[in-house]
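Peer 1: starting from these lines, generate the structure:
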Amino acid sequence: MVKARLKILYSCCLLFSTLICGASDIPRHTFKPDYPGAPKRTFIQNYKDMVFASCLTKAYNDNKDIVKDIGSSEGALQQWVSYDINESVDEEFKIVNSYLSRNYFNPIVEAQIKGVKFDFLKCLDLYHSKELDKLARKVVPYPQRKASQGY
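Peer 2: Got it, this is the predicted structure:
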């Protein structure tokens with residue numbers, strides 16, 4: 001129960017931080033922030049989104065700006081999903097590494113651009129994979145529940 005309340009509190013803090021930080025010079029009556037759609041998506045969808053973000057973070061870890069943005073989004077997604085983190089961590093690590101270690105090759109692209117790794121495509125294939133779906137069903141106890149419904 002305490003964990004659920006903390007998740008709700010963290011979500012609220014994240015959502016409303018834009019009103020507190022950096023928005024003081026914008027008149028409040030004209031400031032209409034956009035909010036992420038994740039709280040309205042199911043836990044299983046948010047879990048898959050989180051693993052996709054994890055894959056992208058690992059794939060592009062040499063670009064600090066990308067890693068900062070994706071990592072922040074991944075952290076936010078964690079607040080909008082209920083899952084067994086202890087069971088998920090090792091499996092998530094394995095599946096991400098498995099997909100990123102694939103050797104995708106396209107001779108047409110390779111002729112134009114040498115050394116293309118297709119990491120985004122690998123992460124996208126992971127996102128749509130049966131393996132991720134199986135893992136998500138294993139570690140997300142309430143797959144159809146939404147953060148907006150409570151934990």
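
Peer 1: where does the residue located most distally from the centre of the chain land on pLDDT?
Peer 2: Outermost residue of the chain with respect to the C-alpha centroid, by CA atoms, centre = their mean, is residue 111; its distance is 33.1 Å. Residue 111 carries a pLDDT value of 74.

Peer 1: then residue 28?
Peer 2: For residue 28, the predicted pLDDT is 58.

Peer 1: would you confirm that the residue farthest from the centre of the chain belongs to a helix?
Peer 2: Yes - per DSSP: H, G, I helix; E, B strand; the rest coil, residue 111 lies within a helix segment.

Peer 1: what about residue 93, which helix or strand?
Peer 2: Using DSSP states H and E, residue 93 sits within helix 85-100.

Peer 1: now the residue most central in space within the chain: which helix or strand?
Peer 2: The chain has residue 50 as the residue nearest its centroid, 2.6 Å off, counting by CA atoms, centre = their mean. In this assignment (DSSP H and E), residue 50 forms part of helix 43-59.
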